[in-house]
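> Sequence and computational prediction follow.
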Amino acid sequence: MADLLTDLASLLRCPVTGQRLHMATPEEFRALASHDADGFLVREDGTAAFPVKSGIPSLLPGSLLRLDPVHSA
């Protein structure tokens, strides 16, 4: 199921900004670990994410989780 969602993530857009979404990287997932979800779709700018529970993403604006962008050194 995760592979299907990973493939579909490139087609999904943030309902707030229209930016592309991607599956959370391990660093992004750790930043969001306090939230109850199996995974996250992260906005292109890295400042927001949407939870994925049981393989189903919640793309409602009210589900948006704010986060600090992850900067690689």
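Thanks, I have the structure now.

> list the helices and strands the helix or strand of the chain with the lowest mean pLDDT packs on?
For the chain, using mean pLDDT, DSSP states H and E, the weakest element among its helices and strands is helix 2-9, scoring a mean of 74. Counting contacts by 3 or more CB pairs under 8 Å, 6 or more residues apart in numbering; DSSP states H and E, helix 2-9 packs against strand 21-23, strand 39-43. Any C-beta I mention is one placed from the backbone N, CA and C, and that applies to glycine too.

> out of these, nearest to Ser54?
Closest of the helices and strands packed on helix 2-9 to Ser54 is strand 39-43, at 10.2 Å (criterion: CB to CB).

> what's the closest one packed up against?
Using 3+ CB pairs under 8 Å, 6+ apart, the elements in contact with strand 39-43 are helix 2-9, strand 21-23, helix 26-31, strand 48-53.

> Need the ones you listed in TSV (columns: distance to Leu64 and mean neighbour count).
Below are the helices and strands packed on strand 39-43 laid out as TSV (distance: least, CB to CB, whole Å; neighbours: other CB atoms under 10 Å):
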stretch	distance to Leu64	mean neighbour count
helix 2-9	16	12
strand 21-23	11	20
helix 26-31	14	14
strand 48-53	5	21
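
> Of those, give the one that comes closest to Phe40.
Closest approach to Phe40 among the helices and strands packed on strand 39-43 is made by strand 48-53 (4.2 Å; CB to CB).

> and the helix or strand just after that closest one, how far from the chain's centre?
Along the chain past strand 48-53, the next helix or strand (assigned with DSSP states H and E) turns out to be strand 56-57. Relative to its chain's centre, strand 56-57 lies at 10 Å (CA atoms, centre = their mean, to the nearest Å).
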